[in-house]
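Peer 1: Sharing a sequence plus its predicted fold:
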Amino acid sequence: MRNAEARCPHCGEWLRYDAAMGLEWCPDPGCGSVFRRVGSGDAPTPGPDPRMYGAPSEAEEEWQEKPPRYGRRILAGLLVLTTIAAVVAMTLSPLLWPQRAVLHVSPAHLAFVDDAGIGMMPQALAVQNRGRGTLTWEIWSEASWLVVEPHGGTLEADLQLITVRVDTSTLEPGTHYSTCTVTAEGAYNSPQTVQVQVHLTAPSTIVAITDLFGDDVDVFYEVQPPYVSGPLGQPIHLMNNEAAVDVTWNELVEFLVRDPTDESAYIKDLYMCGAFAEQLHNNAEEAGIRAAWVSIDLQGREVGHALNAFYTRDRGLVFVDCTGEDPQMPSGASNGTCDHDKVAYVRPGAEYGLISLDRAASPAYEFYIDYSRSWDEYLSDLEEFNQRVGEYNDFVSGRSLVAGSEDARHARELHSELEETRVALEMQRELLGPCRWNTLGIVERVRVYW
């Protein structure tokens, strides 16, 4: 038992007892005294330590002070050395960094979700050099539908951003996985891999088509159309290219201008619209442009019409009709002046519209409505102009107009007005082009074969 009066004779703190060692020690760090307990049954010991707190009786225990052990001194020394080493390491840490580039790419995972079929915003990756020197990096993706820009770069500090975009035009509904790999030759942590997940409810082409046509459309993938190209019964055969992709509006126009399909001769009951659409489809796919073969039903007609469709990345769905047909010629136009490459305008319940490719500034059906209205206004203005020309000719015909007379002034005013109108009509005609194509009728139903 510890004596009730076992206090340190130096500082007065209560002593603590270590039974294994048989020692009592002072918990005050500033004191640190250690004492040995001497009991009545122990071997004889010298008289009480003069620093003890009282003379012990025979029944009492005697305490002798012991110096601190060397182990405690060693431990304290190690703690001091560790602290000094940590301070030195923090001070010199910039000098200890790697002496070459260190590749770091973030984030490590990208997730794209399109539940409404409206497309997905691109996402970004950050490439950083967390070491020293120049970091030259490259990136590539496993899937063709995963588009990354730029494909590489060089940096010494700061960071570079990579844009990651998903081309959903070739993807079926569902969840798709791929990876992007970033490498930097000679750098630490190279390569780095980014996992990409894409969840798609419906392809953008289906959404775009159903938005336009509602329930009046059927869309087929990898299915041959159940039609023939002519009376001989030769079936339509579409040849798809797995590497074909969607292009921009301008890229599509450039292809159509080069393509010779519209130059083929239209031969009734032999080489008609279905064959033209088949030829354009296969030519486009061979050129790496994804195309569709389209059939439309027309009100009051037993035989429908065939054309093509393309999904452009910037203008959406575009219908194209390269069938050679005779246009409805405005005054002054003649056969052979019209290019048979045409943008088609398809809307169930509305007329099937056509505009020459070089005059079709937009694939939207509203553009066709405005264009048709402009043609109607032009033809109306042209009819009025011709009528006024006839009146002018009647007024001046067979008459000798005396300079300065009222009739001469009136004739000059009429001529000036007619000349101004003529210039305006020519400007309007230039904007409209030389050809106005006949409508084939009202569209009832649409079938699209990708």
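Peer 2: Nice, I can see it. All of these numbers come straight from a predicted model, not from anything done at the bench.

Peer 1: Please make it C-alpha for all contacts and neighbour counts, starting now.
Peer 2: Will do.

Peer 1: quick check: longest strand of this structure.
Peer 2: strand 174-184 (DSSP state E).

Peer 1: Export only the CA atoms of that one, formatted as CSV.
Peer 2: Extracted as CSV, the C-alpha positions of strand 174-184 are listed here (Å, rounded to 0.1, in the frame of the first residue of the first chain):
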residue,chain,number,x,y,z
GLY,A,174,-28.8,1.2,-73.5
THR,A,175,-25.6,1.7,-71.5
HIS,A,176,-22.2,1.8,-73.3
TYR,A,177,-18.7,1.7,-71.8
SER,A,178,-15.3,2.8,-73.1
THR,A,179,-12.0,4.3,-72.0
CYS,A,180,-9.8,7.2,-72.8
THR,A,181,-6.0,6.6,-72.3
VAL,A,182,-3.5,9.4,-71.8
THR,A,183,0.2,8.8,-72.2
ALA,A,184,3.3,10.9,-71.7
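
Peer 1: Would you indicate which residues of that strand are buried?
Peer 2: For strand 174-184, the neighbour count (16 or more other Cα atoms under 10 Å) marks 178-184 as buried.

Peer 1: Also stretch 251-261?
Peer 2: 252-253, 256, 259, 261.

Peer 1: List the neighbours of that stretch that are in contact with it.
Peer 2: When contacts are defined by Cα atoms under 8 Å, 6 or more residues apart in numbering, stretch 251-261 is touched by residues 276, 279-280, 283-284, 312, 322, 341, 357.

Peer 1: Just the buried ones from those residues?
Peer 2: 276, 279-280, 283-284, 312, 322, 341, 357.

Peer 1: Show me which of these is closest to residue 432.
Peer 2: Distance ranking of those against residue 432, using Cα to Cα, places residue 357 first at 11.4 Å.

Peer 1: Next one, pLDDT for the closest residue to the closest one other than its chain neighbours please.
Peer 2: For residue 357, ignoring the flanking residues on the chain, the nearest one in space by Cα to Cα, 6 or more residues apart in numbering is residue 342 at 4.7 Å. The per-residue pLDDT reported for residue 342 equals 94.

Peer 1: Settle this for me: residue 342 is touching residue 362, isn't it.
Peer 2: No. Under the criterion of Cα atoms under 8 Å, residue 342 makes no contact with residue 362, lying 11.8 Å away.

Peer 1: returning to what we had before: going by distance to residue 149, which of the contacts of stretch 251-261 wins?
Peer 2: residue 312 (19.6 Å).

Peer 1: Quick check: beta-bridge partners of the closest one?
Peer 2: Following DSSP bridges, residue 312 is listed with bridge partners residue 316.

Peer 1: That one touches residue 246, doesn't it?
Peer 2: Yes. Using Cα under 8 Å, residue 312 is in contact with residue 246, at 5.7 Å.

Peer 1: residues in contact with the residue lying closest to residue 143 once chain neighbours are set aside?
Peer 2: Of all residues not flanking residue 143 in the chain, residue 178 sits nearest, at 6.2 Å (Cα to Cα, 6+ apart). Residues near residue 178 by Cα under 8 Å, 6+ apart: 141-143, 146, 195-197.

Peer 1: Now do residue 178 against residue 252, distance only.
Peer 2: 29 Å (Cα to Cα, to the nearest Å).

Peer 1: What of residue 145?
Peer 2: Applying Cα to Cα, the value for residue 145 to residue 252 is 19 Å.

Peer 1: same question, residue 102
Peer 2: Residue 102 is 44 Å from residue 252, by Cα to Cα.

Peer 1: Ok, residue 114 next?
Peer 2: 26 Å.

Peer 1: do the same with residue 265
Peer 2: Per Cα to Cα, residue 265 is found 23 Å from residue 252.

Peer 1: domain assignment for the chain?
Peer 2: Here the domain parsing of the chain from automatic domain parsing is 1-96, 103-200, 204-374+433-449.
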